[in-house]
Every structure is written in structure tokens, then in C-alpha cells.
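>>> Have a look; sequence and predicted model below, questions after that.
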Amino acid sequence: MRILFLGDVVGRGGRKAVATELPKLREAWNLDFVVVNGENATSGMGLSGAHAKGLLEAGADVITLGDHAFDQKDMMTFITQEQRIIRPINFSKAAPGVGARVFIATNSRKVLVAQVLGQVFMKRAFDDPFSALDSVLKQYPMGGQVQASVIDIHCEATSEKMAVGHYCAGRASLVVGTHTHVATADAMILPGGTGYLTDAGMCGDYNSVIGMEKEEPLRRFITGMPKDRFAPAMGEATLSGVYIETDDRTGQTKRIEMVRHGGILQGAGPV
């Protein structure tokens with residue numbers, strides 16, 4: 001199976017790039033399944049129902065969220081109506097929606113998608129990500145009830161993301177980090193056939209400070225004083241993420257490639 005995962009979509013520029021380029025990539029790369037992290041797609045803070053619809057119409061099979069899952073209040077009800085949106089599995093027990101679900105890809109193949117929040121350096125304490133994932137992976141073993149499984153680990157610390165990758169080695173097709181908006185260069189296949197990338201980066205304007213217009217972040221770093229709200233940068237966006245090819249029988253990843261499409265980070269992708 002050919003699976004594409006795109007990192008955090010940031011603001012209007014990121015949404016525009018996904019809407020314009022993802023349909024082309026689905027056809028050119030003959031993609032079977034696409035997961036997009038959309039938690040910063042609405043003004044850089046959360047995801048609205050309307051913008052979620054736009055990402056799905058562009059070709060996303062599933063949208064994952066993150067710690068900003070419900071910054072846009074209409075997502076509280078929209079997520080209960082749209083099953084193709086996944087919030088973190090270890091979010092508040094009172095949160096609507098689910099953190100893991102099985103979806104149907106091309107040729108009726110089944111793909112598990114789950115998202116979990118890390119604990120290190122996050123603004124609030126979330127439940128243990130390891131035990132949360134363990135129960136899901138036991139329920140849907142790789143090469144068993146599902147033909148592939150994708151885990152989005154949404155957190156700050158690279159060490160925690162790597163720990164989750166090794167914890168899931170041999171039990172998931174792909175473990176990919178989101179949240180920092182900074183693409184890493186460590187795509188690999190772990191023992192047991194699990195594809196891994198510490199951070200998928202963002203779908204946004206990289207001529208920025210992690211997707212935001214530079215002036216206000218620079219002002220705060222230099223002076224320590226805020227003046228304006230952060231605003232997403234509006235230059236040409238780069239689609240960043242990871243592409244994998246899996247074995248339907250085992251669920252193992254046989255090929256992994258980082259994706260840098262368009263914008264100032266134009267670069268790698270499957271050929």
C-alpha cells in the first residue's frame with residue numbers, strides 16, 4: 001500500500017497548498033491512503049469544521065488533530081459528525097470524538113490510524129501515551145485485522161517521539177511525529193518493519209518562525225514584550241511529510257521517503 005502522511009497544516013497558506021497539490025500527488029504517486037495533521041489549519045490555532053471539509057475534499061482520507069484539537073469551538077460537535085477526524089487518544093476523557101479508528105483504503109484494505117499526545121514539555125499533563133497505544137495495537141495487530149497502521153505522536157521532545165517509535169517497532173507500519181513544525185531528516189525503517197520519522201514538519205510557509213509571520217515572534221524573543229497576535233505566514237507553502245510503501249500481508253514498511261514538495265524546501269519525494 002502507498003501511504004502519504006502530511007505534517008501540520010498551518011493557516012490559509014497551508015490549506016491552499018494542500019487543496020492545490022494533494023489531488024495531483026494522489027494521482028502522480030498512485031496513493032492508496034492519505035493522512036493529514038490539521039490542528040493548525042485555522043488561523044494557526046485549531047481546525048474549524050469548514051476547513052476540515054476542505055482538507056477532506058482535497059484528498060485527505062483522515063485528519064489528525066493535537067493539543068489544539070478544540071481551539072475552534074465548532075470542532076466539539078463537528079468531530080462527532082465526521083468520523084474521518086481523529087483527536088489524541090489520551091486527551092481528556094470528556095473530549096468528544098475518538099483517538100483511534102480503522103479506515104478503508106483502496107481495494108477495501110483496512111488501515112488503523114491513531115494519534116497520541118506526548119507528556120514532555122507540553123503545557124498540560126496528558127495521560128500516559130505508551131499504555132494508551134498499547135491497548136490499541138494489541139486490538140489491531142499489524143498484519144492481522146488491518147493491512148497497515150499509522151501512529152501520529154504529537155509532542156515536543158524528540159527523545160519521547162523516538163521512544164514511542166521503538167515502543168511500537170514491529171507493531172505499526174508507521175510512527176511519525178508532529179507538533180514542532182520542523183521537519184527532521186531521520187526517516188528510517190525500525191526493526192520489525194516500522195517506518196519512523198521524528199517530525200513530519202509542516203504544510204506552510206517556511207519563510208517564517210514555525211509557520212508564523214516573523215515580526216511578532218522576533219519582537220518577543222528580542223524584547224520579551226508581546227505587541228500583536230501571532231499570524232500565519234502567507235508566502236508559498238511547502239508540503240512536508242513522509243511517504244511509505246507497505247506489504248499488505250505483514251503490514252511492514254518496505255520503503256520510506258521524506259516529502260518536501262513546493263515552496264522553499266522543494267526536494268525529496270517518491271519517484
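Nice, I can see it.
>>> Next up, the contacts around the closest residue to residue 154 other than its chain neighbours.
Closest residue in space to residue 154, ignoring its immediate chain neighbours: residue 66 at 4.3 Å, by C-beta to C-beta, 6 or more residues apart in numbering. No exception for glycine: its C-beta is placed from N, CA and C like everyone else's. Shown in contact with residue 66 (C-beta atoms under 8 Å, 6 or more residues apart in numbering): 8, 37, 39-40, 88, 115, 117, 154, 178-179.
>>> ok, those residues vs residue 229, which is closest?
Using C-beta to C-beta, residue 40 comes nearest to residue 229 of the contacts of residue 66, at 14.1 Å.
>>> was I right about that closest one contacting residue 11?
Yes - when contacts are counted by C-beta atoms under 8 Å, residue 40 is listed as touching residue 11 (7.0 Å).
>>> what do these two both touch?
204, 211, 232.
>>> So which bits of the host helix or strand of residue 25 are buried?
Applying DSSP states H and E as the criterion places residue 25 in helix 11-28. By neighbour count on 16 or more other C-beta atoms under 10 Å, the buried set for helix 11-28 is 11-18, 21-22, 25-26.
>>> Off-centre distance for that helix?
15 Å (C-alpha atoms, centre = their mean, to the nearest Å).
>>> what packs against that helix?
Contact here means 3 or more C-beta pairs under 8 Å, 6 or more residues apart in numbering; DSSP states H and E; on that basis helix 11-28 packs against strand 2-6, strand 8-9, strand 33-37, helix 49-58, strand 202-203, strand 239-246.
>>> Make CSV from these and add distance to residue 147, mean neighbour count and mean pLDDT to it.
Output for the helices and strands packed on helix 11-28, formatted as CSV (distance: least, C-beta to C-beta, whole Å; neighbours: other C-beta atoms under 10 Å; pLDDT from 0 to 100):
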stretch, distance to residue 147, mean neighbour count, mean pLDDT
strand 2-6, 10, 26, 98
strand 8-9, 26, 32, 98
strand 33-37, 10, 27, 98
helix 49-58, 22, 18, 98
strand 202-203, 26, 34, 97
strand 239-246, 7, 26, 98
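>>> Could you point out which of those sits nearest residue 262?
Nearest to residue 262, of the helices and strands packed on helix 11-28 and by C-beta to C-beta, is strand 239-246 at 5.8 Å.
>>> That closest one: partners in the sheet, and parallel or antiparallel?
In the sheet, strand 239-246 lines up against strand 2-6 (antiparallel), strand 253-261 (antiparallel) (DSSP bridges).
>>> Quick one: those strands as CSV, columns for distance to residue 111 too.
Formatted as CSV, those follow (distance: least, C-beta to C-beta, whole Å):
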stretch, distance to residue 111
strand 2-6, 7
strand 253-261, 13
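>>> Brilliant, that's me finished.
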